[in-house]
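**Student:** with the sequence up front, the predicted model follows.
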Amino acid sequence: MTTLLIFTDLDGTLLDHHTYSFQPAQAAMQSLKTFSIPCVINTSKTFMELVALRKALNHQDPFIVENGSAVYIPKHLTLTVNETLEDCGEYWRKSFGPKRAELIALTNDKQDQYTFKRFSDMTWQELVALTGLNETNAKLAMQREFTEPMVWTDSNLALRIFRDDLAKFDVQVQKGGRFAHLMGKNCDKANAMLWLKAVYAEQSDEEITTMALGDGENDVGMLSKADIPVVIRSPVHAPPEIPNRSDAWLSDAYGPEGWAQAINLALTKQGIL
């Protein structure tokens, strides 16, 4: 027997790219709850953004924030972790990278060489204009702990040089759907997913099968390391290529509708539905 473990991106995947609605995915999410299949959120969003969203989703499982920078495990879960974790109130936290302040300091002198604008350079009003978020959610998105998103308006060549420049400091740049994200080199959706998979494997006598769903370049690592990689179609960009994975699924529908189709297909293939 195998145990299914779901990892999902949010924007453009579980949430609609334009409206941020998850309504088309609700029935499939309920199926996961019914069959006690964990659904781990793995997102570029912050802890503070997820507080309200997890309530709306009635999400009880672990979650991964800021592109794999940290894993939060709710204390009510009976997950045993064989290492020391940070105590964050209702959660245990496993961190993978440096704090945000270090990333800001490191890039302060780069604005003469490259054209970009970081979250720390923006007002919440500017972020609202860029994303369509409301005031409350924009302010939550700016409360980051481990990463610094930025609008990159320079060339792709300049981005490659910028990446090489920061690599010397163990910092990487990942391109998401809307923003380029500065983060520590070990901050990665795939690393966080595999760490949490190992935690679940410790508690189970069955083999763990991971299914990952995402739509952007910053999901490629996670998708490439999942047992079942699912690319969700986006209304605004071409599906990302998943290297060496000819078995990757591509949803027919966009966003949460495509997400629900993929979940239901997986549950059917696993003999659960």
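**Tutor:** All right, it came through fine. Source: prediction; values computed, not measured. Numbering: from 1, shown residues only.

**Student:** now do the lowest-mean-pLDDT helix or strand in the chain: which elements does it pack against?
**Tutor:** Using mean pLDDT, DSSP states H and E, strand 171-175 stands out as the lowest-scoring helix or strand of the chain, at a mean of 90. Applying 3 or more CB pairs under 8 Å, 6 or more residues apart in numbering; DSSP states H and E, one finds that strand 171-175 contacts helix 156-167, strand 180-184. Placement of C-beta: from N, CA and C, glycine included.

**Student:** how about the strands in this structure?
**Tutor:** 2-8, 39-42, 63-65, 70-74, 86-88, 91-95, 116-118, 148-152, 171-175, 180-184, 207-214, 228-233, 249-254 (DSSP state E).

**Student:** got the contact list for residue 186?
**Tutor:** Contact analysis of residue 186 by CB atoms under 8 Å, 6 or more residues apart in numbering lists 96, 97, 170.

**Student:** looking at these, spot the one nearest residue 265.
**Tutor:** residue 96 (31.3 Å; CB to CB).

**Student:** that closest one and residue 67 touch, don't they?
**Tutor:** No: applying CB atoms under 8 Å, one finds residue 96 not in contact with residue 67, separated by 9.8 Å.

**Student:** residue 96 and residue 126: what is the separation?
**Tutor:** 29 Å (CB to CB, to the nearest Å).

**Student:** give me the common contacts of residue 96 and residue 67.
**Tutor:** With CB under 8 Å, 6+ apart as the test, residue 96 and residue 67 both reach 187, 188.

**Student:** between these two, which is the more surrounded one?
**Tutor:** Set residue 96 next to residue 67 and count neighbours by other CB atoms under 10 Å: residue 67 wins out with 30 against 21.

**Student:** show the pLDDT at that one.
**Tutor:** Note on residue 67: pLDDT of 88.

**Student:** angles on the backbone of the residue nearest to it when sequence neighbours are not counted, please.
**Tutor:** Excluding its sequence neighbours, the residue lying closest to residue 67 (CB to CB, 6 or more residues apart in numbering) is residue 44, at 4.8 Å. The phi/psi pair for residue 44 (degrees, to the nearest 10) reads phi -80, psi -10.

**Student:** thanks a lot, catch you later.
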